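Colleague: Sequence first, then the predicted structure, then my questions.
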Amino acid sequence: MSVADRKTKLGRTNLAVSRICFGTSSLGNMPDTYGYAVDEERARDTVRAIFAGPVNFLDTSRFYGFGRSEQRIGDVIRERGGLPDGFVISTKLDRDEATNRFDAARARRSLEESLAALGLDRLQLVHLHDPEYAAALTDVTDPGGAVDELFRMKEEGLVEAVGLAAGNVEIMMPILRDWDFDALITHNRFTLTNRNAENMIDFAIAKGTAILNAAPYCGGVLAKGVSAYPRYVYQQAGDTALEPIRRIEAICAAHGIPTGAAALQFSMRDPRIASTICGVSKPERIQQTIEWAQWPIDAPVWEELLALPFVTGDPEATRDYKPG
């Protein structure tokens, strides 16, 4: 049985998911974030390839591409008459894109928009997304706020499991302490170059929360290479930011290993990580990801890779955030 075929129980939920989850933010066409466009047919072809493959887990969001990611996924779900058997969709509640309002009413409206776009009447896994960008964090966290509304959706049966998906660890930690989420998504903060989320992962595991580790390629550069894609965590990057990537590339090249395989397996080999969310933007990336997940990497190579220096600061501290 291949890595992609194996399923694991997602924490305390009844959901069984593959060790790989395909992230679909780029399928919403977000050139400000990724530096390239993805048209509608390419996006749909990619979703079709996901549904046809062995991975049973897909992650999206109401905010990705201003709703285009969910809509394009929903178009394929409707085209094929429903989700494949056993397939798990993960999506996210998001703030109002015009005002950044993120109170209970907005959370409820976000769920309704997701259900309509995806063409589903309930969702398996829904996360509260990016509270750090809310106009007022108190709208999210106060009694009767967006977090309470998310848990109410679970009580109502509209959502099977609930999670928290955000970036800033300092904002996430108090929320994790106060609520018992089923799952947690962290992105760009547990990679070959950065361990910003290390302590948060340990804390969440101790609470029984399943960890979904997203963006193992640091926004794409560890998959595509510095020469082809000189960006780091969604920003154009100079030599200082790219030098750690070059060191990883050099070790991988010396051993004939795709850098993307090392980046992906760094996450997958950690027993705390239930599933690793890998962004894909075209159909051929599906099989490539599965191949990378199984690429032989010997222990001495891991010793070299893990001996490289890494940072623990927030990798997005200077990011110029753009939603498109």
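Modeller: Arrived safely, thanks for sending. All values reported here derive from a predicted model rather than from experimental measurement. Numbers count the residues shown, from 1 in each chain.
Colleague: Next one: Glu284 from Ile20, what distance?
Modeller: Using C-beta to C-beta, to the nearest Å, we find Glu284 at a distance of 15 Å from Ile20. (C-beta placed from N, C-alpha, C; glycine too.)
Colleague: Where does pLDDT dip in this protein?
Modeller: 1 (pLDDT under 70).
Colleague: can we see that at 50?
Modeller: The chain contains no residues with pLDDT under 50.
Colleague: Could you pull out the strands in it for me?
Modeller: 7-9, 16-18, 20-23, 57-59, 88-93, 123-129, 159-165, 183-187, 210-214, 231-232, 235-236, 273-279 (DSSP state E).
Colleague: For Glu284 and Ile20, work out which one has more neighbours and name it.
Modeller: Neighbours per residue (other C-beta atoms under 10 Å) separate Glu284 from Ile20, with Ile20 holding more: 25 against 12.
Colleague: Let's have the strands of the chain in TSV, adding distance to Phe151.
Modeller: Formatted as TSV, the strands of the chain follow (distance: least, C-beta to C-beta, whole Å):
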stretch	distance to Phe151
strand 7-9	21
strand 16-18	21
strand 20-23	23
strand 57-59	20
strand 88-93	11
strand 123-129	10
strand 159-165	6
strand 183-187	13
strand 210-214	16
strand 231-232	36
strand 235-236	35
strand 273-279	20
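Colleague: And those: which comes nearest Thr193?
Modeller: Checking the strands of the chain against Thr193 by C-beta to C-beta gives strand 231-232 as the closest, at 8.4 Å.
Colleague: Tell me the strands beside the closest one, with direction?
Modeller: Counting by DSSP bridges, the strands paired with strand 231-232 are strand 235-236 (antiparallel).
Colleague: Go ahead and name everything in contact with the partner strand.
Modeller: 35, 219, 230, 318-320 (C-beta atoms under 8 Å, 6 or more residues apart in numbering).
Colleague: among those, which ones are buried?
Modeller: 219, 230, 319 (16 or more other C-beta atoms under 10 Å).
Colleague: closest to Tyr133 among these?
Modeller: Using C-beta to C-beta, those come closest to Tyr133 at Arg319, 11.4 Å.
Colleague: and that closest one, how far is that from Ala237?
Modeller: 11 Å.
Colleague: cool, and Val55?
Modeller: Val55 is 29 Å from Ala237, by C-beta to C-beta.
Colleague: Please list all residues in contact with Val147.
Modeller: Val147 touches 128, 140-141, 175, 179, counting by C-beta under 8 Å, 6+ apart.
Colleague: what does Glu243 give?
Modeller: Glu243 neighbours (C-beta under 8 Å, 6+ apart): none.
Colleague: cool, and the one 3 residues further on?
Modeller: Arg246 makes contact with Val226, according to C-beta under 8 Å, 6+ apart.
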